[in-house]
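K.L.:
need coordinates for the following:
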Amino acid sequence: MSLRVQIKDDIKVAMKAKDIEKRNALRLLDSTMKQIEIDERRELSDEDVISIIMKQIKQRDDAASQYKDASREDLMQKELDEIAYYEPYLPAQLSDDELQTAISAIITEVGAQNMKDMGKVMGSAKAKLGSSADGKRINECVKALLA
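P.N.:
Residues are numbered from 1 along each chain as shown. Next up, the predicted model:
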């Protein structure tokens, strides 16, 4: 079953369970996917859906941090709940140790020596690790290893 069909089925389950927050979060995700399909006139693959979900999670995370800074705990919690609804659709994330090992191998592979080579490492890491690690985590790990 494709990821897109799974999300549609989960919307139906949330509707039957009267889980309004989950239903609304998944509907928002579904409408984002529909909009992209209409704009680009193509069917979305599972990789496309995963990248859309990751983008939505990043937006929710940014909004939650802004709400936290503004002392709006209620709105921050709503954004964090939406992130929790989206995360099960992502592939398993690498642990910190696995990420560090993978980044170390990539640094050796591209021959990076210092922070000037960070762009090469980041490009290669994003290509190889894909959706198994968040870009922010990759960036922090690369900085730590190159410093």
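K.L.:
please make it C-alpha for all contacts and neighbour counts, starting now.
P.N.:
OK.
K.L.:
centroid residue for the protein?
P.N.:
In the chain, the residue lying closest to the centroid (C-alpha atoms, centre = their mean) is Met54, at 2.3 Å.
K.L.:
enumerate every residue touching that residue.
P.N.:
By C-alpha atoms under 8 Å, 6 or more residues apart in numbering, the contact list for Met54 reads Leu90, Ser131.
K.L.:
could you look up the SS state of the residue lying farthest from the centre of the chain?
P.N.:
Distance from the C-alpha centroid of the chain peaks at Gln113, with 29.0 Å (C-alpha atoms, centre = their mean). At Gln113, secondary structure determined by DSSP: H, G, I helix; E, B strand; the rest coil is coil.
K.L.:
roughly how far does it sit from Ser124?
P.N.:
15 Å (C-alpha to C-alpha, to the nearest Å).
K.L.:
could you do Lys68 as well?
P.N.:
34 Å.
K.L.:
and Gln77, by the same measure?
P.N.:
35 Å.
K.L.:
for Leu75, same thing?
P.N.:
36 Å.
K.L.:
give me the domain ranges for this protein.
P.N.:
3-89, 96-146 (automatic domain parsing).
K.L.:
redo those domains as CSV? Include mean pLDDT.
P.N.:
Below are the domains of the chain laid out as CSV (pLDDT from 0 to 100):
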stretch, mean pLDDT
domain 3-89, 95
domain 96-146, 87
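K.L.:
so what's Ala112 up against?
P.N.:
Contacts of Ala112 (C-alpha under 8 Å, 6+ apart): Met118, Lys120, Val121, Leu146.
K.L.:
most widely separated two among those?
P.N.:
Lys120 and Leu146 (11.9 Å; C-alpha to C-alpha).
K.L.:
count the neighbours of Thr108 for me.
P.N.:
Thr108 has 11 neighbours, counted by other C-alpha atoms under 10 Å.
K.L.:
oh sorry, the question was meant for Glu37
P.N.:
Neighbours around Glu37, by other C-alpha under 10 Å: 13.
K.L.:
so it sits against Glu43, correct?
P.N.:
Yes - the criterion here is C-alpha atoms under 8 Å, and Glu37 meets it with Glu43 at 5.9 Å.
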